[in-house]
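Task: produce atomic coordinates for the following.
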Amino acid sequence: MRFAIVMASAAFLIVGCKSKDKMEDHKTAPTTAQSVKADAKGAVKDAKKAVKDAAASATSSTKVECKNKGETRTLEVRGKDKGCETAYTKSGAENVVGSSQNGTSHCEGIMNKIKDKLIAAGYTCN
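Numbers count the residues shown, from 1 in each chain. Okay, the predicted model is just below:
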C-alpha cells in the first residue's frame with residue numbers, strides 16, 4: 001500500500017513539474033509575439049518611407065527647352081500632390097496645359113505630344 005502511495009505521489013509530482021514547464025513556455029510566448037509585432041511595425045515603417053520617397057520623386061520636375069531662331073519655348077512636368085501638371089511657356093507666358101491626380105504618365109504624354117509638334121515645326125528640343 002505504501003508503494004502505491006509513493007508511486008501516486010511521484011506521478012503527481014511529475015505531472016506537476018510538466019505543467020510548470022508548460023507555464024514557463026507560456027510566459028515566454030508573449031515575448032515572441034512582441035518581437036513579431038515589432039518586426040511588423042518595422043516593415044510598416046519601411047513601407048511608409050518607400051511611399052514617401054516615391055512621392056518626393058513624383059514632386060520633382062522634368063523640363064524641356066525647345067529653340068528655333070532665337071525663340072525659346074519651355075515644357076515642364078511638375079509633381080503636384082500625388083499627381084502632376086504640365087506647364088507650357090511661350091513668349092514668357094506660362095500656361096498649365098494638362099494635369100493628373102495620380103502619377104505623372106499623363107502629364108509626360110502631353111509634354112511629349114507638344115514636343116513632337118514643336119520639332120515638326122522646326123524647333124530643336126533638349
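
start to end distance for stretch 116-126?
Terminal residues of stretch 116-126 lie 12 Å apart, using CA to CA, to the nearest Å.

Now that stretch: buried residues?
By 16 or more other CB atoms under 10 Å, the buried positions in stretch 116-126 come out as Leu118, Tyr123, Cys125. From N, CA and C alone the C-beta is placed, and that goes for glycine too.

From Gly103, how far off is Lys82?
Look at Lys82 and Gly103: by CB to CB, to the nearest Å, they are 8 Å apart.

now the helices for the chain?
Per DSSP state H, the chain carries helices over the ranges 2-58, 105-120.

Out of those helices, point me to the one whose mean pLDDT is lowest.
Per-stretch mean pLDDT for the helices of the chain is lowest at helix 2-58 (a mean of 58).

Over the longest strand seen in the chain, what's the mean pLDDT, rounded is fine.
The strand that spans the most residues within the chain, counting by DSSP state E, is strand 71-80. Computed over strand 71-80, the mean pLDDT rounds to 96.

Other residues contacting it?
55, 57-67, 84-91, 94, 99, 104, 107-108, 111, 114-115, 118, 123 (CB atoms under 8 Å, 6 or more residues apart in numbering).

Start and end of stretch 113-126, how far apart?
Using CA to CA, the end-to-end distance of stretch 113-126 comes to 15 Å.

Can you name the residues in contact with it?
Under CB under 8 Å, 6+ apart, the answer for stretch 113-126 is Val64, Glu65, Cys66, Lys67, Asn68, Arg73, Leu75, Thr86, Tyr88, Val97.
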